[in-house]
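Asks: the following block contains a protein sequence and its predicted model.
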Amino acid sequence: MTKSEQYTYGHSAAVTRVHAERTAAREAAFFLPHLSPGMRLLDVGCGPGTITLGLAKAVNPGDVVGVDAVQTVLEEARQTASTERLPNLRFEQADAYKLPFPDHSFDVVFAHTLLEHLREPRRALTEMVRVLAPGGMIGLRDCDWESGIFAPENPDVRRAAALYARLWRHNGGDPHCGRTLRTRLLEAGCARVDTSASFRWDGTADSSRSFGVLLADRLPLAPMATALTKLGWADQDELASLSRSCRAWSIQRDVYAVMVMCEAVGWLPS
């Protein structure tokens, strides 16, 4: 994330708690096989750093830097990393549009669910390419909200998901960013791009419940609720009702939710 961007749901505990559950083993599974010890790696939009931690272990003793625009989440990242005592890992506050590193500083750049929230993803990718060495590698993972499958059918869940995506677009992001990753990396100058897909919610009982809980938790949050009511797209009573409906839906025995995450690895020319 960058200082100049509007992060749709903010950085409350309800949001960062979900981010802190992420791991490199799961969220970067497509990327880990391409890493090797000694690589210099930059994680852009690292959040609380739990993915960065796994990446640092994969390239140890190579230097790893996690950057984010929000100081509070970086403090959480540093606290989490302190228990691992990895001398090759550090966290810095930085803007994705103005990375504070010289040209060719890294062998690898990684960005998880970052481009989908940016108004100018091409500009951010240009910066990632700038700090990469010739032959360097970029790994991206972003969602495609339109791929969502939710059952049993529930109009309130559909309404909540639609409001979520509508505000996301209003704030300059792209809920369907994932489907564009191959194109974006080719346009950024990559000579080769490999793509794949996995799931944010994968249809398991626990994962499916977590989708309903996520909508229930985030709709009432100030950044979302204030914006939605100010825009006239919903009022506080409706948002509270939708939140309750999403939570009730999430605990049904037959709840089922799936969302595709699009993945891409690109290599610059040598």
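Replies: Perfect, thanks for sending it. Numbers count the residues shown, from 1 in each chain.
Asks: what's whichever strand or helix holds V193 packed up against?
Replies: Taking DSSP states H and E as the definition, V193 sits inside strand 192-202. Applying 3 or more Cβ pairs under 8 Å, 6 or more residues apart in numbering; DSSP states H and E, we find strand 192-202 packed against helix 181-187, helix 205-218, strand 256-267. The C-beta positions use only the backbone N, C-alpha and C, and glycine is treated the same way.
Asks: next SSE after whichever strand or helix holds A56?
Replies: Take DSSP H and E as the rule and A56 turns out to sit in helix 50-59. Once helix 50-59 ends, the next helix or strand along the chain (criterion: DSSP H and E) is strand 64-68.
Asks: avg pLDDT for that next one?
Replies: The pLDDT scores in strand 64-68 average 97.
Asks: for the nearest residue to A205 once chain neighbours are set aside, phi and psi?
Replies: Spatial nearest neighbour of A205, chain neighbours left out: V255 (7.3 Å); criterion: Cβ to Cβ, 6 or more residues apart in numbering. When read as degrees, to the nearest 10, the backbone of V255 gives phi -60, psi 140.
Asks: ok, back up a step: just the CA atoms of the helix holding A56, as PDB, please.
Replies: The C-alpha coordinates for helix 50-59 follow below in PDB (Å, rounded to 0.1, in the frame of the first residue of the first chain):
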ATOM      1  CA  THR A  50       4.000 -13.100   8.000                       C
ATOM      2  CA  ILE A  51       4.500 -13.900   4.300                       C
ATOM      3  CA  THR A  52       7.800 -12.000   4.300                       C
ATOM      4  CA  LEU A  53       9.000 -14.100   7.200                       C
ATOM      5  CA  GLY A  54       8.700 -17.300   5.200                       C
ATOM      6  CA  LEU A  55      10.300 -15.700   2.100                       C
ATOM      7  CA  ALA A  56      13.200 -14.600   4.300                       C
ATOM      8  CA  LYS A  57      13.700 -18.200   5.400                       C
ATOM      9  CA  ALA A  58      13.600 -19.400   1.800                       C
ATOM     10  CA  VAL A  59      16.400 -17.100   0.600                       C
END
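Asks: show me what that helix is packed against.
Replies: helix 24-27, strand 41-44, strand 64-68, helix 71-82, strand 89-93, strand 106-112.
Asks: next, format those as TSV and append mean neighbour count and distance to G139.
Replies: Shown next, in TSV, are these (neighbours: other Cβ atoms under 10 Å; distance: least, Cβ to Cβ, whole Å):
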stretch	mean neighbour count	distance to G139
helix 24-27	17	10
strand 41-44	27	9
strand 64-68	26	13
helix 71-82	17	19
strand 89-93	18	17
strand 106-112	25	5
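Asks: for the helix holding A56, buried residues please.
Replies: 50-59 (16 or more other Cβ atoms under 10 Å).
Asks: if we can go back for a sec, out of the helices and strands packed on strand 192-202, flag the one nearest A133.
Replies: strand 256-267 (11.2 Å; Cβ to Cβ).
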